[in-house]
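Peer 1: Task: produce atomic coordinates for the following.
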Amino acid sequence: MFRMVQVGNALPTQFPVDTNGVFQPGQIAQLGAMGNDLVCGVSDGSAPLGVIDDIKTTSFTAPAIDEVVIASAMGVADGYGNFVTPIPVMATLRNPNIIANSFATSVAVELKAVNGVVVFPAGTILNFDLAGTGTPDSIRAVVSYAYQVPGVPGDDSTQSSGKITVWFQRMIFQTDQYETNQRYPINAPLFVSESGVLTTRQPHPDYPGVAMVTGPPTSIFGTLEALWL
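Peer 2: Below you'll find the predicted structure:
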């Protein structure tokens, strides 16, 4: 997803599309060569050009930010003032088909990515009082991840023109194409990941910053708002 919030008078530009490229709106573009031809595809973070405003993918992804997961468990004392679960405890996330390397959690879990299930291993400390008795009786975790949107087929908006549209002027925009396993405080600098999405992680010391966070993603509004520099 790519949505412009505030933009100047300049129009986007178009380049011949990399026929091997796969991308969604809101990913970051980069120029490359295919034989003797100049083409444009997804950035690897080293030389980002602008924000892609076209589709060429077989499926779509979406973020889930700060999703709360609570699993009831019978606790036993561990001798250190805590109650722990003596057996593994399972909980189901809101979405299946999770992209495994996008997953972040506040409590260690084993992720079953395809089914959208997390398993708290035996020995996990009970940290939440679900019944309100004053004694922990469950495990509460906060997770973030990206997942493949079910029932929505992909598309190729470049098929007829052979061109990819790129916005590279100064603008404020929103996108759901960012690393969900990172945090996004206001004014944090943004870089481009190896897979062409925004991140606060600098993949390499020589990779340039491209934008600044103006609106962090939340559990209610999962898009990232940024100022393109």
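Peer 1: Distance of the residue in the chain sticking out farthest from the centre relative to Pro121?
Peer 2: Most distant from the centre of the chain: Gly79, at 39.2 Å, with distances by CA atoms, centre = their mean. Relative to Pro121, Gly79 is positioned 18 Å away (CB to CB, to the nearest Å). Using the backbone N, CA and C atoms, a C-beta is placed for each residue, glycine as well.
Peer 1: ditto for Ser144
Peer 2: Distance from Ser144 to Pro121, counting by CB to CB: 20 Å.
Peer 1: So which of the two has more stuff around it?
Peer 2: The neighbour comparison of Ser144 against Pro121 (other CB atoms under 10 Å) goes to Ser144, with 22 against 13.
Peer 1: Quick one: list the elements packing against whatever helix or strand the more buried one lives in.
Peer 2: Element membership of Ser144, judged by DSSP states H and E, is strand 138-148. Contacting strand 138-148 under the criterion 3 or more CB pairs under 8 Å, 6 or more residues apart in numbering; DSSP states H and E are the following elements: strand 61-72, strand 104-105, strand 117-120.
Peer 1: Just tell me which of those strands ends up closest to Arg183.
Peer 2: Between Arg183 and the helices and strands packed on strand 138-148, the tightest spacing by CB to CB is seen for strand 104-105, at 8.9 Å.
Peer 1: Can you tell me what sits against whichever helix or strand comes after that closest one?
Peer 2: Downstream of strand 104-105, the first helix or strand assigned by DSSP H and E is strand 110-112. Identification of contacts with strand 110-112 by CB atoms under 8 Å, 6 or more residues apart in numbering yields Pro88, Ile98, Ala100, Phe103, Val117, Val118, Val119, Pro121.
Peer 1: Give the pairing partners of strand 110-112; include direction for each.
Peer 2: Using DSSP bridges, strand 110-112 pairs in its sheet with strand 117-120 (antiparallel).
Peer 1: Break this protein down into its structural domains.
Peer 2: Using automatic domain parsing, the domain ranges for the chain come out as 2-60+152-228, 61-148.
Peer 1: Alright, I will stop here.
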